[in-house]
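J.: got a sequence here, can you build the structure:
(chains A, B, C and D)
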Protein chains: 2
Amino acid sequence: MARDTRRGMIITAVQVLRERGADGLTVEEVLLRSGAPKGSVYYHFPGGRTELLDEALTYAGNTVSALLNRAATDGPESVLQEFIDIWRHVLTDSGYTAGCPVVAVAVSRTESEELADKARGFFNQWATALTNAFLAEGMSESTARQLATLSIATIEGAVVLCRAHRSITPLEDALAQLRTLINCHRFARDNFTLAP
Amino acid sequence: MARDTRRGMIITAVQVLRERGADGLTVEEVLLRSGAPKGSVYYHFPGGRTELLDEALTYAGNTVSALLNRAATDGPESVLQEFIDIWRHVLTDSGYTAGCPVVAVAVSRTESEELADKARGFFNQWATALTNAFLAEGMSESTARQLATLSIATIEGAVVLCRAHRSITPLEDALAQLRTLINCHRFARDNFTLAP
DNA sequence: GTCTATACGAAGATAGAC
DNA sequence: GTCTATCTTCGTATAGAC
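T.: Predicted structure coming up:
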């Protein structure tokens, strides 16, 4: 069926995007790994490689946004734990060759300005979701925003270290300290104000 | 002179590595941007593209290692500030297209296992230098190590966000919270023990 | 040390058959 | 919807002249 072929190619494209980066994604590899018919690429994706890349980014970005929005009500702690669990699977399943698809687009040559804008849009969505989670904890506007930025930067950076070390430890260590910081803010909120 | 041509190509290669990534680095672009003679590539680099990449990674990684080792005696605060200053220049000078060369190699396809090992080696060097800086502050072994990992992850991740947002703000925000966390550990060390 | 010419392979894209 | 040429561009690498 047409829809299945298209959808299968998009999901495979996300995987390739994770492993090869945006510039390294080739239609041929997506074709091979998805098992999609070789002759139907430009039927399903008239825009060719660029359209496939766009769809992969959108699919991946929205998935994470949904996860982060759901977690804003569950509290930041559970979000972070969920991220560790997800990344443990993604990293081990890929032999530590997979990274974040949105990062992959953000650091790519990005012929089309549109893709770069979309990647930035996802980072903003994620930051907003996390900021709201921290605001719900009673933190100040600026603290919540900075903590959200730190959280995203930490996870994205730690994933790179995990790939290099072929181990989940960097992510666990980094997030352990991030949790400590969150608890420090709670402690400060409950007892006194920390010096700026 | 021979040495100048070779050295110039390496320095240009670092720049290209930052912007295009390891897989995206082409000998042609290094040639064009360095102004090096077009016919002398394989004279200076018998190993071709791979050798050029290797030299660029070594040069860049060692530069940062030197900076971090020097800063281990100056205290972590001054290191972080120095990193903000350096990245501000690198990012603005490149129009927010440049990233970390070691990260670029770490997430690349990396035909040669040797390059990947070297990249991981640099991450380890940096982590050790920062760990020592935190140990000098009187922190525990595990806290120092985790903080070092968090610091590197935060900077590397924040740089990606800076590139996406075309702004230095993410790095400043993330490092502001990192400083807060460091101060929390100092406060805890001086007054009591935080719950794990 | 540096140049030109050439071989080779990889990948995107299009045209037209089935 | 899918397939098979075929065209084109680009990048690495080598050979041999200067």
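
J.: which residue sits closest to A:A127, ignoring its sequence neighbours?
T.: Distances taken as C-beta to C-beta, 6 or more residues apart in numbering or on different chains put A:A148 closest to A:A127, at 4.7 Å, once the chain neighbours are dropped. (C-beta placed from N, C-alpha, C; glycine too.)

J.: residue contacts, that neighbour?
T.: Counting by C-beta atoms under 8 Å, 6 or more residues apart in numbering or on different chains, A:A148 touches A:W126, A:A127, A:T128, A:L130, A:T131, A:A133, A:F134.

J.: and the angle for the helix or strand containing it with helix B:141-165?
T.: According to DSSP states H and E, A:A148 maps onto helix A:141-165. Relative orientation of helix A:141-165 and helix B:141-165, computed by axes from the mean of the first three to the mean of the last three C-alpha atoms, to 10 degrees: 100 degrees.

J.: what comes up buried for helix A:141-165?
T.: Within helix A:141-165, the residues that qualify as buried are A:143-165, counting by 16 or more other C-beta atoms under 10 Å in any protein chain shown.

J.: same question, stretch A:27-34
T.: Result for stretch A:27-34 [16+ other C-beta under 10 Å]: buried residues A:V27, A:E29, A:V30, A:L31, A:R33, A:S34.

J.: now, among those residues, which is nearest to B:R6?
T.: A:E29 (35.2 Å; C-beta to C-beta).

J.: if I look at the closest one, how far off is DNA strand C?
T.: A:E29 sits 7 Å away from DNA strand C, taking C-beta to the nearest atom of the strand, to the nearest Å as the criterion.

J.: and for A:N124?
T.: In terms of C-beta to the nearest atom of the strand, A:N124 sits 28 Å off from DNA strand C.

J.: that residue sits in which helix or strand?
T.: Secondary structure (DSSP H and E) places A:N124 in helix A:113-135.

J.: A:T92 too?
T.: Going by DSSP H and E, A:T92 is in helix A:76-93.

J.: next, the buried residues of that helix.
T.: So for helix A:76-93, counting by 16+ other C-beta under 10 Å, buried means A:P76, A:V79, A:L80, A:F83, A:I84, A:W87, A:V90, A:L91.

J.: surely the first one meets A:M139?
T.: Think A:P76. No. Using C-beta atoms under 8 Å, A:P76 is not in contact with A:M139; the gap is 10.0 Å.

J.: for the buried residues of stretch A:27-34, which one is nearest DNA strand C?
T.: A:V27 (3.9 Å; C-beta to the nearest atom of the strand).

J.: surely that closest one meets A:E51?
T.: No. Checked against C-beta under 8 Å, the pair A:V27 and A:E51 is beyond contact range at 10.4 Å.

J.: hmm, back to that, any chance of a markdown table for the buried residues of helix A:76-93, columns pLDDT and distance to DNA strand C?
T.: A markdown table is the format used below for those (pLDDT from 0 to 100; distance: C-beta to the nearest atom of the strand, whole Å):
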| residue | pLDDT | distance to DNA strand C |
| --- | --- | --- |
| A:P76 | 93 | 39 |
| A:V79 | 91 | 35 |
| A:L80 | 89 | 36 |
| A:F83 | 90 | 30 |
| A:I84 | 91 | 33 |
| A:W87 | 98 | 27 |
| A:V90 | 98 | 23 |
| A:L91 | 98 | 24 |
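
J.: and the one residue in chain A that gets nearest to chain B, what does it touch?
T.: At 3.0 Å from chain B, A:G157 is the closest residue in chain A, using C-beta to the nearest C-beta. By C-beta under 8 Å, 6+ apart, A:G157 lies in contact with A:A174, B:I152, B:A153, B:T154, B:I155, B:E156, B:G157, B:A158, B:V160.

J.: same question for A:I11.
T.: By C-beta under 8 Å, 6+ apart, the neighbours of A:I11 are A:S34, A:Y59.

J.: with A:A22 instead?
T.: So A:A22 contacts A:L53, A:A104, A:V105, A:V107, A:S108, A:R109, A:T110, A:L115 (C-beta under 8 Å, 6+ apart).

J.: the closest residue to it other than its chain neighbours: neighbouring residues, count only.
T.: Distance criterion C-beta to C-beta, 6+ apart; nearest residue to A:A22, sequence neighbours excluded, is A:S108 at 3.4 Å. Neighbourhood size, A:S108 [other C-beta atoms under 10 Å in any protein chain shown]: 21.

J.: isn't A:S108 up against A:R20?
T.: No. Here A:S108 does not reach A:R20: they are 10.5 Å apart, not a contact under C-beta under 8 Å.

J.: ok, back up a step: for the contacts of A:G157, which one is nearest DNA strand D?
T.: For the contacts of A:G157, the nearest to DNA strand D is B:V160 (23.5 Å; C-beta to the nearest atom of the strand).

J.: for stretch A:144-153, C-alpha coordinates in CSV please.
T.: Output of stretch A:144-153 as CSV, limited to C-alpha atoms (Å, rounded to 0.1, in the frame of the first residue of the first chain):
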residue,chain,number,x,y,z
ALA,A,144,12.9,28.0,34.9
ARG,A,145,14.0,29.2,31.5
GLN,A,146,17.7,28.7,32.2
LEU,A,147,17.1,25.3,33.7
ALA,A,148,15.2,24.3,30.6
THR,A,149,18.0,25.4,28.4
LEU,A,150,20.5,23.6,30.6
SER,A,151,18.5,20.4,30.6
ILE,A,152,18.3,20.2,26.8
ALA,A,153,21.9,21.2,26.3
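
J.: which bits of chain A sit near DNA strand D?
T.: Applying C-beta under 7 Å from any atom of the strand, we find that chain A lies next to DNA strand D at A:M1, A:A2, A:T5, A:P37, A:K38, A:G39, A:S40, A:Y43, A:H44.

J.: quick one: A:R166 from A:Q146, how far?
T.: Computed as C-beta to C-beta, to the nearest Å, the A:R166 to A:Q146 distance reads 31 Å.

J.: now chain A, which segments are flagged as low pLDDT?
T.: A:1, A:193-196 (pLDDT under 70).
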